[in-house]
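1. From the sequence below, what's the structure:
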Amino acid sequence: LNIAPGDFFETELTLPGKIEEQTAIGALFAKLDSLIALHQRELDHVKELKKGLLQQMFV
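-> Numbering: from 1, shown residues only. Below you'll find the model as predicted:
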């Protein structure tokens, strides 16, 4: 990365203070990952359906 060492060492990192907050954030990201995977599978299914319908249409 192109970052000066001074800028790197002066960077402040903020972390959630309580373990409950960290757990809640982790759970949120896990739910988002599941939702994204679900929609990706649905998109793949619709693309396959479209492909099949187009093949039937142009026989």
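2. gap between Lys51 and Val59?
-> 14 Å (Cβ to Cβ, to the nearest Å). Where you see a C-beta, it was placed from the backbone N, CA and C, and this is true even at glycine.
3. scratch that, Leu49 is what I was asking about
-> 17 Å.
4. and the two? which has more neighbours close in?
-> Leu49 (10 against 4; other Cβ atoms under 10 Å).
5. Could I get the pLDDT score of that one?
-> Here, the pLDDT recorded for Leu49 equals 97.
6. Quickly find the element holding it.
-> helix 19-57 (DSSP states H and E).
7. and that helix, how far out from the chain's middle?
-> Distance, stretch centre to chain centre, for helix 19-57: 9 Å (Cα atoms, centre = their mean, to the nearest Å).
8. by contact count, what packs against that helix?
-> Here helix 19-57 touches no other helix or strand, going by 3 or more Cβ pairs under 8 Å, 6 or more residues apart in numbering; DSSP states H and E.
9. Pull the number of nearby residues for Ala4.
-> Around Ala4 there are 8 residues (other Cβ under 10 Å).
10. Could you pull up phi and psi at it?
-> Main-chain dihedrals, Ala4, degrees, to the nearest 10: phi -70, psi 140.
11. So for the helix holding Leu49, what gets flagged as buried?
-> In terms of neighbour count (16 or more other Cβ atoms under 10 Å), helix 19-57 has no buried residues at all.
12. begin at 10 from here
-> Yep, numbering from 10; the last one is helix 28-66 now.
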